[in-house]
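Student: Sequence and predicted structure are below.
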Amino acid sequence: MQSQNKPNVIFFMVDQMGAKWLEVAMNGICDLPNLKRLQGMGVTFTNAFSNNPVCCPARAGIATGLTSRGHGLLSNGYRLNPDIPTFMKTLQMAGWRTGAFGKIHFYPFDSEYYPYPDYREYGWDVVHNTEDNRTGEWHDWIEKEHPEHYDAIMATPANWNSQLPYYDSYGEQKANLTERMRRAKKEMAWAKGDDGGNKTRTEGYYPLPFPEEISQTNWITEHALNFIDETPDDQPLYTHISYVQPHPPFHPPARFLEMVNEDLIPDPVGYGTDHWNGPDKIPNWRYYRKLYFADFIHLDEQIGRILERLEQVGRMENSYFIFVSDHGEMLMDHNLGGKSARHYDAVIRIPLIVAGPGLKQGSTCDLFVQHEDICPTVLDMHETLLKQHPRPLSRRGVADDHPLCAGRSLMPLCKGEQVSGWRQSVFSESFGGLCESPFREGIMKFPWKETLRNREFRYSVTPGRDDGEELYDLTRDPDELVNVVHDPAYQQTRYQLMKEMMHRVMLQEFPLPPRDLVVIGAH
Ligand SMILES: [Ca+2]
């Protein structure tokens, strides 16, 4: 039994799970008892949004409490500066034992660091890292301990993996895995797009072709369980349990497919209308959706294993929990897949649960919250943390309790306290694939987008395009089908949202670490 009062912090993260899809799933498609249990132990935020719906900037925003411009990761392909304070590092300094299991993604995949990045400098005592690039520790464990499944595993990574430079000369043996991946995909029937024309399977998506027990998802859980077991009883712990699923390719173990209520899977938004814009981009979108939802059941079971272990070791009563995703997934709404600059509800609105002792059990909160709020929320879970978290020197004396964060603690909301001046909208942004070459042609191909979303409207701007301005009246058009930005009836609304967005763009510059961490001279 943990003897002192510092709470454990159990952080669950999933990749590419939209709030829309979790809500749809929980409405009869899937039985998710452990996520329901977490909801029952705390607050579900129904208007939580990704600051930047792609892996690296979203994850850095969570860890630092900063906007994309604040922490500097505008898109994938950047490295988070380890000098920027993270809540994990503050927990570590304050006496928590900290561990990270699974996906972290603070580095660019095509860097000198992968397949063996060292994430300890961000504030973790123990790290077992595996990501959607499928290289590194989990990969090597399969090759060594389960060689009979190695070729199957080599056939599962998405095709972009074969473009990663370290796949050409991998590990100590300098093996050319690119060729082996291509060969494995060619030889394994399930990895091919051709299913004999019956469309029972969707290209690149299939039931897990190796045992569930050695899946990446279970491997992450096993390491988290070991960490819980190995932490001294009298030490508080922070577990960063970050699953790669339901990131594509979707390939849940087959038994979870049988547990999906397929009849309740909705048609994609716009399906069967003029809006659909051509043939189905995914030929069997219903099966594609079924695989995605089956991943939810797999993840829920893993969360259940963690909860069970916390109970066994006597840590359940003194633990706070966070469940969150980095961003959502179009899942073929509007005949589109993926995320990034597609700022529809399915992409930018994320699931967020904050649970634990003293919080409003089984409640929901519909205030507008963002990824940047998670860091100050964790720092607000114990009185020692906020004091230890670095703050800009230039602001000392202005407000001693002001952390180096753009976000705001959710703990008062979770405790049911009255808060004043809460934001009425959220801001989200995407920088396409051309962060260093913002030429018009590039923006047309890989759009940049900035979005202001409030209770009634979604207003988005894509620079460099004549048609790059969108306004959706969410009360009348919750599926975001009709762009009313040029409708005369909406011009006042358009102007107000444009002005508010401009202010948000300016305000999000604060603060600018690491420059702001040190005052050099007086000038
Ligand atoms: Ca992601």
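Tutor: It's in. Only a predicted model underlies this, so the values are computations on that prediction, with no experimental measurement involved.

Student: Could you use CA atoms for every contact and neighbour count after this?
Tutor: OK.

Student: And the residue of the stretch 301-450 of the chain closest to the ion?
Tutor: Nearest to the ion in the stretch 301-450 of the chain, going by C-alpha to the ion, is Asp326, at a distance of 5.6 Å.

Student: so what's the residue in the chain positioned nearest to the ion up against?
Tutor: Proximity of the chain to the ion (C-alpha to the ion) peaks at Cys55, 3.7 Å away. Neighbouring residues of Cys55 by C-alpha atoms under 8 Å, 6 or more residues apart in numbering: Asp15, Ser75, Asn76, His105, Asp326, His327.

Student: Swap in 7 Å and give it another go.
Tutor: Cys55 makes contact with Asn76, His105, Asp326, according to C-alpha atoms under 7 Å, 6 or more residues apart in numbering.

Student: Can you list which of those are found in strands?
Tutor: Residues of the contacts of Cys55 located in strands (DSSP state E): none.

Student: Of those residues, which is the most crowded?
Tutor: Asp326 (30 neighbours; other C-alpha atoms under 10 Å).

Student: What parts of this structure come near the ion?
Tutor: Residues of the chain found near the ion (C-alpha under 5 Å from the ion) are Asp15, Cys55.

Student: tell me which helix or strand of the chain sits lowest on mean pLDDT?
Tutor: Lowest on mean pLDDT, DSSP states H and E among the helices and strands of the chain sits helix 440-445, with a mean of 65.

Student: Mean confidence (pLDDT) on the very next helix or strand once past that helix, please.
Tutor: Using DSSP states H and E, the next helix or strand after helix 440-445 towards the C-terminus is strand 448-454. Averaging pLDDT along strand 448-454 yields 95.

Student: Return the list of helices and strands in contact with the helix or strand just after strand 448-454.
Tutor: From strand 448-454 onward toward the C-terminus, using DSSP H and E, the following helix or strand is strand 457-461. Packing partners of strand 457-461 (3 or more C-alpha pairs under 7 Å, 6 or more residues apart in numbering; DSSP states H and E): strand 448-454, strand 469-473.

Student: Throw these into JSON lines and include mean neighbour count, thanks.
Tutor: Formatted as JSON lines, the helices and strands packed on strand 457-461 follow (neighbours: other C-alpha atoms under 10 Å):
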{"stretch": "strand 448-454", "mean neighbour count": "23"}
{"stretch": "strand 469-473", "mean neighbour count": "21"}
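
Student: for the ones you listed, which one sits closest to Ala63?
Tutor: strand 448-454 (21.7 Å; C-alpha to C-alpha).

Student: okay, the angle between the closest one and strand 469-473?
Tutor: 20 degrees (axes from the mean of the first three to the mean of the last three C-alpha atoms, to 10 degrees).

Student: OK, contacts around the residue most central in space within the chain?
Tutor: By C-alpha atoms, centre = their mean, the mean C-alpha position of the chain lies nearest to Asp326, the distance being 1.5 Å. By C-alpha under 7 Å, 6+ apart, Asp326 lies in contact with Asp15, Gln16, Ser50, Pro53, Val54, Cys55, Ala58, Arg59.

Student: With Gln216 instead?
Tutor: Residues in contact with Gln216 (C-alpha under 7 Å, 6+ apart) are Trp138.

Student: Got the phi and psi for it?
Tutor: Here is the backbone geometry of Gln216 (degrees, to the nearest 10): phi -60, psi -40.

Student: just for this structure, where's the confidence low?
Tutor: 1-4, 111, 192-204, 392-404, 433-445, 509-523 (pLDDT under 70).

Student: For the helix of greatest length in it, what is the distance to the chain centroid?
Tutor: Ranked by residue count, the top helix of the chain under DSSP state H comes out as helix 285-312. A distance of 16 Å separates the centroid of the chain from that of helix 285-312, by C-alpha atoms, centre = their mean, to the nearest Å.
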